[in-house]
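**Student:** Build me a structure from this.
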Amino acid sequence: ASVGQGLNDTAANLMAAIERGDDEISPSTIYCVASILEGCSYINGSPQNTFVPGVLELATQHDTFIAGDDFKSGQTKMKSVLVDFLVSAGIKPTSI
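**Tutor:** Sure thing, here's the model as predicted:
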């Protein structure tokens, strides 16, 4: 998600964009906002830009903890494990 003037640059603009169903708001941002509004901490495992300025402002307003940035699960993690395995087996991958 990119930061858009009047879209997610402030907490008020972000909430208005969610209310009107703006498709520029990422699912991870919507989930994060829901967690903040419930007073629950949110740990981001998504590679998306979840923590736009509006989310940061909203978390501050609600005194809610947010953290994290891409857990590197799935394909990225698989590649890392695979490379370690191949190298330890004496095989030098040139690309993955």
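**Student:** Go ahead and measure how far the lengthiest helix in the chain is from the middle of the chain.
**Tutor:** Criterion DSSP state H: the longest helix present in the chain is helix 75-88. Mean-position distance between helix 75-88 and its chain equals 24 Å (Cα atoms, centre = their mean, to the nearest Å).
**Student:** Could you do stretch 24-31 as well?
**Tutor:** Per Cα atoms, centre = their mean, the centroid offset for stretch 24-31 relative to its chain is 9 Å.
**Student:** What average pLDDT does that stretch get?
**Tutor:** Averaged across stretch 24-31, pLDDT comes to 91.
**Student:** in this structure, which ranges drop under the pLDDT threshold?
**Tutor:** Across the chain, the ranges flagged by pLDDT under 70 are 1, 70-77, 96.
**Student:** Apply 90 and report the result again.
**Tutor:** 1-7, 23, 26, 28, 44-50, 68-87, 92-96 (pLDDT under 90).
**Student:** Show me the strands in it, by range?
**Tutor:** With DSSP state E as the criterion, the chain has strands at 42-43, 66-67.
**Student:** mind listing what the closest residue to residue 41 other than its chain neighbours touches?
**Tutor:** Excluding the flanking residues, the one nearest residue 41 by Cβ to Cβ, 6 or more residues apart in numbering is residue 65, at 4.2 Å. In short, each C-beta sits where N, CA and C put it, glycine included. Contact analysis of residue 65 by Cβ atoms under 8 Å, 6 or more residues apart in numbering lists 41-42, 59.
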